[in-house]
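Asks: What would the 3D arrangement of this be:
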Amino acid sequence: MIQIRQLTKTYGAKRALDGFDLSLTTGVTGLLGPNGAGKTTLLRCLATTLAPDAGTVNAFGLDPADRAQRTALRRRLGYLPQNPGAYPHFTAFDLVDYVAILKELTDREHRHAEVRRVLAEVNLTQQARTKVRKLSGGMRQRLALAQALLGEPDLLILDEPTVGLDPEQRMIFRALISRLGESRTVVLSTHQTEDVAALCERVVVMRAGRAVFDGTPGGLAAVADGRVWLSQAAPATSTLFWRTADGRYRTLGERPAAAEATAPGVEDGYLTLLGEAA
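Replies: Residues are numbered from 1 along each chain as shown. Here you go, the predicted structure:
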């Protein structure tokens, strides 16, 4: 069990987290929200790379405010930051091996086996001896995910993990994370509502440092019940519409003339919930 209580963090005049509360257990939880909602700040506090101004985090009975307990918690978590850094002249294998040493995997044989395991998990075995600077953006993102998977962490924290991934890589990522979520706690932040719909059994929508929705993807989609329409002509009174592949117009909001209702999705619920902020 992970408990976050009344977490507050301020940058100058901006309050990134405003008394934020959240409880987490085994499974995959997705964080949605517009830029500046506080998602990355929350994940950094949970990953112990940022100290909050007020409030508490307690994970597996450990308090990261205490130095010794913070170290113990770091041994049990994996973190993929939004902008992972990498040494460009290292090979993929050497970079993950270096991070494994930092994570206290000191036995060389065991460590190298673990490095090979996580590279295989993200489908980078063939690129193990390739220099990081020669990897594509999607490969570098998968390499950063491999580092987060070292040691089979009990808590996996992923900030925008699918950036740069093509459809096949995204499918592999979803399969991997859904499997991991069966036995550990996974928290991921994303702007991709389709990832949330496909992967997360729970979704938390953030706005201005607070949670404005906490439930299932289906529950979030239901926020837009009676607000999604299909019509043959472009609506004259709405700006929230687009032309679909079959030539009809999909509108979110008030019913256009001669329109018929259609089932809402996660993105519709998200946009309805946040309005112009989204």
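Asks: List the contacts of the nearest residue to Glu160 once chain neighbours are set aside.
Replies: Computed as Cβ to Cβ, 6 or more residues apart in numbering, the closest residue to Glu160 that is not its neighbour in sequence is Gln82, at 5.2 Å. C-beta: built from backbone N, CA, C; applies to glycine. Residues touching Gln82, when contacts are defined by Cβ atoms under 8 Å, 6 or more residues apart in numbering, comprise 40, 159-160, 189.
Asks: Can you verify Gln82 is assigned to a strand?
Replies: No - if the criterion is DSSP: H, G, I helix; E, B strand; the rest coil, then Gln82 is coil and not within a strand.
Asks: Okay, now the unreliable bits of the chain?
Replies: For the chain, applying pLDDT under 70 flags the ranges 276-278.
Asks: Where do the helices of it begin and end?
Replies: Listed in chain order, the helices of the chain (DSSP state H) span residues 39-46, 67-74, 92-102, 108-121, 137-149, 167-180, 193-199, 217-222, 266-274.
Asks: The shortest one - contacts with which helices or strands?
Replies: What it means is helix 217-222. On a contact count with 3 or more Cβ pairs under 8 Å, 6 or more residues apart in numbering; DSSP states H and E, helix 217-222 meets helix 193-199, strand 202-207, helix 266-274.
Asks: Same list, the ones you listed, but as a markdown table with distance to Ala65 please.
Replies: Putting the helices and strands packed on helix 217-222 into a markdown table (distance: least, Cβ to Cβ, whole Å) gives the following:
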| stretch | distance to Ala65 |
| --- | --- |
| helix 193-199 | 31 |
| strand 202-207 | 23 |
| helix 266-274 | 32 |
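Asks: Gly226: which of the ones you listed is closest?
Replies: Of all these, the one in closest proximity to Gly226, counting by Cβ to Cβ, is helix 266-274 (10.0 Å).
Asks: Report the separation between the residue nearest to Gly247 when sequence neighbours are not counted and Tyr249.
Replies: On the basis of Cβ to Cβ, 6+ apart, the spatially nearest residue to Gly247 that is not a chain neighbour turns out to be Gln232, at 7.9 Å. Relative to Tyr249, Gln232 is positioned 7 Å away (Cβ to Cβ, to the nearest Å).
Asks: Of the two, give the one with the bigger neighbour count.
Replies: Tyr249 (18 against 11; other Cβ atoms under 10 Å).
Asks: Kindly report the domain assignment for this protein.
Replies: Domain assignment for the chain, taken from automatic domain parsing, gives 1-76+153-215, 84-152, 221-277.
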